[in-house]
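> What follows is a predicted structure for the sequence shown.
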Amino acid sequence: MVLLERAMPTTLISMLAKIHGENPVVSEAKGVVPTCTCALMPKSGGKQGECKWCWRILVNREGLWFRVLASRYGLVGGRLKRGDRNGSVWWRDIASIRDGDASVLGSWFPENLSVHVGNGANTLFWLDRWVDDVPSCVRFSRLYDLSENKLATVAQMFSWGWKIGGEAWKWRRRMWDWEEEMVVECRSLLLTALLQVDTEDVWTWTPDPVEGYTVSVAYLTIIDRTPPTNNVLAALLWRKDVPMKVSVFAWRLFRHRLPSKTNLFRRGIIPSEAQLCISGCGQQESETHLFLSCTLFGHI
């Protein structure tokens, strides 16, 4: 997909727009992006792969697919809109994972994100974890329910004024005394918040802050969580849009039923000294080793 992104210049995108009979949309960042290019959206190969697209779109706002989605669905608070039922199923799946309401993974993806706020233009005040370990919409859920600025960015709230009497605090109704105390507590957290006008917000994948999001780390993070129930496994594996042989292979992987050497040893088929990986790396050949950590097969 990276090669495709590099190989599609503005002229090619304009040709696609003419073929589909649409007028290209001019992007402030990179030129022309037609809405018809959404027909080229890639098909994801799994939830970890979809999370990778969430991460890529989050950190690479200058990339081709971010510009395509922005021209197709628009932005709100610096964030791509989810779109309606007439939009791409692929994008709706990506957006549901990004927003933490996916039926299978839940809030797993946003829970593993953190942001270092610069100018605050790409960080949502209520929904993102930026001033505390939990989003403000969770810690101050009552205030979030009453707020008229639910999708405001940190930069917008700061410009409107979040001190006493500031325009950032707009409520649907008059506040009760105990609710006003919550506002005071929320403002006290903002005393240490310093925005840097010339610096963009930087997102971090907390399981691996150095390398960022990778499918292998995501897999290990999911496995380390609470073991999935049968319903969750069924939703992940048995899908109509996935070939049966792929679903069966994945089922055997989750159930540790693949004929790896560690499994063959446990069944008494091979001796203990024959458990080493066939690549010659010196490690035992388990499913996790083969698919993730092997120096030879783990990179395929």
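Right, received. Where do you want to start? Quick caveat: nothing in here was measured; it's all calculated off a predicted structure. Numbers count the residues shown, from 1 in each chain.

> which parts of whichever strand or helix holds residue 66 are buried?
Remark: residue 66 resides in helix 64-73, with elements defined by DSSP states H and E. Using 16 or more other Cβ atoms under 10 Å as the test for burial, helix 64-73 gives 64, 65, 66, 67, 68, 69, 70, 71, 72, 73. For glycine as for every other residue, the C-beta is placed from the backbone atoms N, C-alpha and C.

> Kindly report the same for stretch 176-183.
So for stretch 176-183, counting by 16+ other Cβ under 10 Å, buried means 182, 183.

> what does the average pLDDT come to for that stretch?
Averaging pLDDT along stretch 176-183 yields 89.

> how far does that stretch sit from the chain's center?
34 Å (Cα atoms, centre = their mean, to the nearest Å).

> Let me know the pLDDT of the most centrally placed residue in the chain.
In the chain, the centroid-proximal residue (Cα atoms, centre = their mean) is residue 54; its distance is 3.3 Å. On pLDDT, residue 54 comes in at 85.

> Contact partners for the closest residue to it other than its chain neighbours?
Nearest residue to residue 54, sequence neighbours excluded (Cβ to Cβ, 6 or more residues apart in numbering): residue 98, at 4.6 Å. Contacts for residue 98 were tallied using Cβ atoms under 8 Å, 6 or more residues apart in numbering; they are 54, 57, 58, 109, 110.

> ok, now how distant is residue 98 from residue 212?
16 Å (Cβ to Cβ, to the nearest Å).

> Let me know the outermost residue of the protein.
residue 271 (43.6 Å).

> contacting residues for it?
residue 265.

> got any ranges where the stretch 201-300 of the chain has weak pLDDT?
223-237, 298-300 (pLDDT under 70).

> helix/strand/coil for residue 273?
helix (DSSP: H, G, I helix; E, B strand; the rest coil).

> related to what we said a few turns ago, dihedrals phi and psi, the residue farthest from the centre of the chain?
phi -70, psi 170 (degrees, to the nearest 10).

> Would you quantify the distance from it to residue 68?
Residue 271 is 55 Å from residue 68, by Cβ to Cβ.

> Got phi/psi on the nearest residue to residue 126 once chain neighbours are set aside?
The shortest distance from residue 126 to any non-neighbouring residue, by Cβ to Cβ, 6+ apart, is to residue 137 (4.4 Å). Per-residue torsions, residue 137: phi -70, psi -20 (degrees, to the nearest 10).

> any idea of the pLDDT on residue 137?
87.

> Just the pLDDT for residue 142.
Value for residue 142, per-residue pLDDT: 90.

> Break down this structure into its strands, ranges please.
In the chain, the strands defined using DSSP state E lie at 25-27, 31-33, 75-76, 79-80, 113-116, 202-205.

> biggest separation within the contacts of residue 98, which pair?
57 and 110 (13.5 Å; Cβ to Cβ).

> From residue 296, how far off is residue 279?
4 Å.

> I meant to write residue 136 there.
In terms of Cβ to Cβ, residue 136 sits 46 Å off from residue 296.

> More neighbours: which of those two?
In terms of neighbours (other Cβ atoms under 10 Å), residue 136 is the more surrounded of residue 136 and residue 296; the figures are 22 against 12.

> My guess is the more buried one contacts residue 144. True?
Yes - counting by Cβ atoms under 8 Å, residue 144 is a contact partner of residue 136 at 6.8 Å.

> got any residues that touch both of the two?
Residues within reach of residue 136 and of residue 144 at once, by Cβ under 8 Å, 6+ apart, are residue 126.

> burial count for residue 115?
Residue 115: 19 neighbours (other Cβ under 10 Å).

> which residues touch it?
Taking Cβ under 8 Å, 6+ apart, we find residue 115 in contact with 123, 128, 129, 130, 201, 202, 203, 204.

> So what's the residue count around the second one?
Meaning residue 128. 24.
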